[in-house]
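J.: sharing a model prediction with you, sequence too.
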Amino acid sequence: MSNTMTCIILVAGHNNSLERQIRLQDENNDLGLHGIPKALLPVQGRNGKPECSILDLWWDDLQQRRQFSSVFLVTNADKYKHFERWATANDFPVENIINDGTTTHCNRIGAVANFDLALRTKGITGDVMVVSGDMLTHEDFDINGVKRFFDHQSGDLAIYYTMKDDEKTSTRGMLEVDPHTKRVVRFAEKPDTWPTRFAGVVFYCFKAKTCREQLPEFMAAKKKVEERSFGHFMEWLVPRGQVYGMKVPTSFKLIGPSTSLDEYMQVKSSRVSSRHQVNKDSRITQRAYARVGLMGNPSDGFNGKTIAMSIKNFWAEVSVWESEKLKLLPHPINDPSEFSGLSDLFVISGKEGYVGGLRLMQATCKKFYEYCSEKGVALPKRNFTMKYDTNIPRQVGLAGSSCIVTACLKSLMKFYCLTESDIPKCIQPSLVLSVEVEELYITAGLQDRVIQSYEGLVYMDFSKPIMDSQGYGNYEPLDAKIPDTLFLLYARDPSDSGRIHSDVKDRWRAGDQEVIAAMQKFADLTDQGREALINGDFKKFGELMDANFNLRRELYTDAALGRKNISMIELGRRFGAHMKFPGSGGACVGMMPDPTNLGPLSTTAQQEGFVCIPLIPKYPDPE
């Protein structure tokens, strides 16, 4: 992220209601505040620090982040000396204070004119952030995230927040924002009514082209000082350019022209509260559940269709709690770092490999921050400690890795108070998949991430036209009865499930007609399976399960599927069960028409080195 951007802080307000009330109050009680500009009025410091001014808070934040090539103040002649004195005391370049020459409210030139004055007098030609110096943000507010999002956009940026119930639309510039593109589609300055509660503040980022071309056009068109507010500028700019919106998870306190002394004293004695507070002593724990693919897999990675079910038997959970530094804790079993000796290390490494859950948490945190930065989801400056646990058997194709990633994403969303309006549920599976594919180079499809995000029983359509048009599939939760004789067979000593896909993916990419036709057959089986479940026709569904495996065996060959996996299929079928793979290998899912055969099957499975358990569906929790 470059540091060629300029920041301009506007502090040129004149005599206002607050100043008049302070002057009157000082005649009876010595507040010691008479004549002090609003931006220099004392407020409570952050993180337990003593009182300071609002401008101190802005300057500290800008210095710490070091994302700006220069910072300028625009003030008036009446208050210039106050800011000059502040600058010498705070190591701020006095030459970066711009005096607009005005001395009263009557001869003010307007906020946009002050902005234009700074650009012209200082020869600023690059991108610019402009903020109001009398605006107080929550201490968790992260200005770095704002700049990162702006850098990813092709247009300008307006910061907004969701108004509290007691705030009126007539006090703010109001926005309508496209939830998918984040484009501001409409802006109005202080309307009496408005369809959303999205309120803007004087906190904008402008591309150099806007400052060079559209700002002069606005200044030429708007001669009256009342029209030269940023609200009117945005109202004018939105229909003419590309303006994006970034919602921050906090409210703002503006010590504005109408602020009363009582309101200021309340702000002075308390921090601006975040819209959502997190108890620092609380621990957030989120679970994601293992899944079984009931129909259509592995076509989810080939623009096919599938039906999957989440199960309570196996899960992964991630816990997160607030801490001074960000820490990711290794799992004592899955991320071993101590061994009794080389022989112990040799056995564990040979059996478990070298890939625990720590890398999954780290990669998820990285992708989560990257997504939020690029999509304009502002995150508070808040650190955490994170750990995970799981009971999912390794290498049996039950989506253990994606379970940890999904649980991690859920925990991060809850920790940062994000909802599906910030990261839509239909997008969450793709975000989880990007962690595994783009960061960790794990070969995977969307099915597992969809069912872990939605839970229950879900029909999924990954057809290419749908994926190309919206970037994700069509996901339909099925309100259908699930057979109560579903069971799982898995190997006590499984092989690596990641080797199952063979060269089929490469053949599909190369346009191999046999593979393309097979994936279409998987999709057809899924459509028939959906109809069978809705109609409660379990006999038909069982036959389709068998057909699903037979087609997979024909396409992938026994050599690729592995002898142990095929043995589990044959074992289940010996007892009359309908059998298929729930994932990539290492386990098999079955449906037993005759429940009395489950006991004998379980006994035989144990004798042959397999584990047999009945499946417990996991339905979504009620909202």
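T.: Thanks, I have it.
J.: helix/strand/coil for E317?
T.: Following DSSP: H, G, I helix; E, B strand; the rest coil, E317 is assigned to strand.
J.: list phi and psi for the residue nearest to it when sequence neighbours are not counted.
T.: Leaving aside its chain neighbours, E317 sits nearest to R287 (4.4 Å; criterion: CB to CB, 6 or more residues apart in numbering). All C-beta spots, glycine's among them, are computed from the backbone N, C-alpha and C. Backbone torsions for R287, taken as degrees, to the nearest 10, come to phi -110, psi 150.
J.: pretty sure R287 contacts W315?
T.: Yes. With contact defined as CB atoms under 8 Å, R287 and W315 form a contacting pair (5.0 Å).
J.: and S401, that one's in a helix?
T.: Yes. Remark: S401 belongs to a helix, assigned using three-state DSSP.
J.: just the CA trace of the strand or helix carrying P216, in CSV.
T.: Assigned by DSSP states H and E, P216 belongs to helix 215-221. Extracted C-alpha coordinates of helix 215-221, given in CSV (Å, rounded to 0.1, in the frame of the first residue of the first chain):
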residue,chain,number,x,y,z
LEU,A,215,-14.0,19.7,-8.3
PRO,A,216,-13.3,22.8,-10.4
GLU,A,217,-16.5,22.1,-12.4
PHE,A,218,-18.5,21.9,-9.1
MET,A,219,-16.8,25.1,-7.8
ALA,A,220,-17.7,26.9,-11.1
ALA,A,221,-21.3,25.7,-10.9
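J.: and the next helix or strand past it?
T.: With elements assigned by DSSP H and E, the helix or strand that comes after helix 215-221 is helix 230-237.
J.: and the most centrally placed residue in the chain, what's its pLDDT?
T.: For the chain, the residue nearest the mean C-alpha position is C372 (4.6 Å; CA atoms, centre = their mean). C372 carries a pLDDT value of 91.
J.: test my guess that it contacts G145.
T.: Yes. The criterion here is CB under 8 Å, and C372 meets it with G145 at 7.2 Å.
J.: mind giving me the packing neighbours of the top helix by length along the chain?
T.: Taking DSSP state H as the criterion, the chain has its longest helix at helix 538-561. Applying 3 or more CB pairs under 8 Å, 6 or more residues apart in numbering; DSSP states H and E, one finds that helix 538-561 makes contact with strand 283-295, helix 513-534, helix 563-574, strand 578-580, strand 587-591.
J.: enumerate the positions of that helix that are buried.
T.: By 16 or more other CB atoms under 10 Å, the buried positions in helix 538-561 come out as 538, 541-549, 551-553, 555-556, 560-561.
J.: go on, stretch 338-345?
T.: Residues of stretch 338-345 include none that count as buried (16+ other CB under 10 Å).
J.: what of stretch 454-468?
T.: Buried residues in stretch 454-468, counted by 16+ other CB under 10 Å: 454-462, 467.
J.: just the ones in strands from those, please.
T.: Counting by DSSP state E, the part of the buried residues of stretch 454-468 found in strands is 457-461.
J.: quick one: which of those residues is nearest A308?
T.: V458 (5.9 Å; CB to CB).
J.: let me know the pLDDT of the closest one.
T.: V458 carries a pLDDT value of 97.
J.: kindly report the same for S584.
T.: Value for S584, per-residue pLDDT: 82.
J.: which SS class is it?
T.: S584 carries the three-state label coil when classified by three-state DSSP.
J.: ok, it touching G397?
T.: Yes. S584 is within contact range of G397, at 4.4 Å (criterion: CB under 8 Å).
J.: low pLDDT regions in the stretch 351-500 of the chain?
T.: Scanning the stretch 351-500 of the chain for pLDDT under 70 picks out the ranges 494-500.
J.: now the strands for it?
T.: Here the stretch 351-500 of the chain has its strands, by DSSP state E, counting those that start in this stretch, at 384-390, 457-461, 474-477, 486-491.
J.: so which of those comes closest to L358?
T.: strand 384-390 (8.3 Å).
J.: what's the closest one packed up against?
T.: Judged by 3+ CB pairs under 8 Å, 6+ apart, the packing partners of strand 384-390 are strand 305-322, strand 327-328, helix 358-375, helix 400-415.
J.: partner strands of the shortest one, parallel or antiparallel?
T.: Based on DSSP bridges, the strands next to strand 327-328 in the sheet, each with its direction, are strand 384-390 (parallel).
J.: need the residues that contact the strand it pairs with.
T.: Contacts with strand 384-390, where a contact means CB atoms under 8 Å, 6 or more residues apart in numbering, come from 314-323, 326-329, 331, 334, 357, 360-361, 365, 400, 403-404, 407-408, 411, 415.
J.: in the protein, which helix or strand is least confident?
T.: Ranking every helix and strand in the chain by mean pLDDT, DSSP states H and E puts strand 253-254 at the bottom, with a mean of 60.
J.: can you pull the buried residues of stretch 34-51?
T.: So for stretch 34-51, counting by 16+ other CB under 10 Å, buried means 36-45.
J.: which neighbours do C372 and G145 share?
T.: With CB under 8 Å, 6+ apart as the test, C372 and G145 both reach 378-379.
J.: now do the contacts for A118.
T.: By CB under 8 Å, 6+ apart, A118 lies in contact with 8, 72, 74, 98, 124.
J.: the residues you listed: which two are farthest apart?
T.: Spanning the widest gap among the contacts of A118 are V74 and I124, at 11.7 Å by CB to CB.
J.: what is in contact with the two at once?
T.: Shared contacts of V74 and I124 (CB under 8 Å, 6+ apart): 8, 118.
J.: more neighbours, the two?
T.: A side-by-side neighbour count of V74 and I124, using other CB atoms under 10 Å, places V74 first with 26 against 19.
J.: now do the same for that one: helix, strand or coil?
T.: Recorded secondary structure, V74: strand (three-state DSSP).
J.: okay, and the beta partners of it?
T.: Beta-bridge pairing for V74 (DSSP bridges): L10, I98.
J.: so it makes contact with I9?
T.: Yes. Here V74 reaches I9: they are 7.3 Å apart, a contact under CB under 8 Å.
J.: pass me the low-pLDDT residue ranges in the stretch 151-300 of the chain, would you?
T.: Within the stretch 151-300 of the chain, the ranges that satisfy pLDDT under 70 run 249-261, 263-264, 266-281.
J.: all helices of it, in order?
T.: Here the stretch 151-300 of the chain has its helices, by DSSP state H, counting those that start in this stretch, at 208-209, 215-221, 230-237, 261-269.
J.: ends of stretch 505-518, how far apart?
T.: Stretch 505-518 has an end-to-end distance of 12 Å (CA to CA, to the nearest Å).
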